[in-house]
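S.K.: here is my input, please return the structure:
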Amino acid sequence: MREAIKMVKERLDNVDIRIERLLKSQEEFRKSQEEFRKSQEELREAQKKTDEQIKSLSEEQKKTDEQLKSLIEDQKKTDEQQRKTDEQLKRTDEELRAMFKKTDEEFEKTRKLVKGISDGWGRLTEGYAIASIGKIFNAIGIPIEGTSVRVRKKKGEEELEIDLINLARRNGKKIIIPVEVKTYLKVDDVNDFLKDINNFYEFFEEYKDFDLIGALAFMNPSAGAKKYAERKGIYLLSLSEDTMTLANKEGFKPKVWRYKG
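M.R.: This is a model prediction of the structure:
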């Protein structure tokens, strides 16, 4: 009997232990369930935030797509406007080229016309000078014996051209009179002529035994050119009506150049 009671008691103790273990397992399961529930709540909250972020991103993407679409449309309009501008520029360039070509052609025609007129006046002035020079210098005691027109002489690479070269004689002395003909006489023309006179004997050594006096024949002088030339000792032959006349002041004495060897 005691043995039976002891066995029953042992069994009861085992049951208590099992019940205690079961209760402990149940408590752990309950805690696990609670943690799982909290995890689910946190997950749902995170998912909610993620969904909101995705929604916000989707709206932003939609706005970006709309902006991109608008930019593409604007770019198309800009490209079209650029194409029209390029075409207009091309037309304008072609028109300008045609206009410049026409202007150049007109300018060339005008240049040739002016040159022709200038050459014509130059030949006219030269003709008056040739016709009058003998009479003018005979009147002042320097009879002209011969006139050469547009005489050129070269020395190496350099060249000197004289419009008129007149040979004369005074008191038995041989004289050469280079004449520069100008339609419109300027101070620079006077300086150029003085340079030619100073170089004359280098090019025309055959006249080294001649005294040289210079003369300028012109239709119209610029301000100061006439006085300047006279101060330099140059004879002045000015066109008056249909003939050349001596334009130097009374008592004028020409400068005489001589060969220096």
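S.K.: my guess is F252 contacts E230. True?
M.R.: Yes - between F252 and E230 a contact is recorded at 6.5 Å, counting by CB atoms under 8 Å. In this view, the C-beta of every residue, glycine as well, is placed from N, C-alpha and C.
S.K.: more crowded one of the two?
M.R.: Just comparing F252 and E230: by other CB atoms under 10 Å the higher neighbour count belongs to E230, 18 against 14.
S.K.: contact partners for the closest residue to the more buried one other than its chain neighbours?
M.R.: Leaving out its chain neighbours, the residue that sits closest to E230 by CB to CB, 6 or more residues apart in numbering is N248, at 5.8 Å. Counting by CB atoms under 8 Å, 6 or more residues apart in numbering, N248 touches 230, 235-236.
S.K.: N248 in helix, strand or coil?
M.R.: coil (DSSP: H, G, I helix; E, B strand; the rest coil).
S.K.: of the contacts of N248, which belong to helices?
M.R.: Within those, residues falling in helices by DSSP state H are E230.
S.K.: from the contacts of N248, which is closest to N198?
M.R.: Nearest to N198 among those, counting by CB to CB, is Y235 at 16.7 Å.
S.K.: the closest one pairs with what?
M.R.: For Y235, the beta-bridge partners are A215 (DSSP bridges).
S.K.: mind listing what it touches?
M.R.: In this structure, Y235 makes contact with 177, 213-216, 246, 248, 252, 254, judged by CB under 8 Å, 6+ apart.
S.K.: of the residues you listed, buried ones?
M.R.: Buried subset of the contacts of Y235 (neighbour count, 16 or more other CB atoms under 10 Å): 177, 213-216, 246, 248, 254.
S.K.: so L160 sits against F203, correct?
M.R.: Yes - contact status for L160 versus F203: in contact at 4.4 Å, counting by CB under 8 Å.
S.K.: for this structure, give the helix that spans the most residues.
M.R.: If each helix of the chain is counted by residues according to DSSP H, the longest one is helix 2-139.
S.K.: mind checking how far that helix is from the chain centre?
M.R.: Computed by CA atoms, centre = their mean, to the nearest Å, the chain-centroid distance of helix 2-139 equals 37 Å.
S.K.: which elements pack onto that helix?
M.R.: Helices and strands touching helix 2-139, as assessed by 3 or more CB pairs under 8 Å, 6 or more residues apart in numbering; DSSP states H and E, comprise strand 144-155, strand 158-170, strand 173-185, strand 215-221, strand 235-240, strand 243-246.
S.K.: contacts for the fourth one, please.
M.R.: For strand 215-221, contacts defined as CB under 8 Å, 6+ apart pick out 121, 125-126, 128-129, 133, 163-164, 177-185, 189-190, 193, 229, 234-239, 244.
S.K.: before we move on, what about the last one?
M.R.: Contacts with strand 243-246, where a contact means CB under 8 Å, 6+ apart, come from 128-129, 131-133, 136, 139-140, 217, 235-238.
S.K.: make a PyMOL selection of the buried ones in those.
M.R.: Filtering the contacts of strand 243-246 down to the buried ones (16+ other CB under 10 Å) takes a single PyMOL command:
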select buried, resi 128+129+132+133+136+217+235+236+237+238
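S.K.: understood, closing this out.
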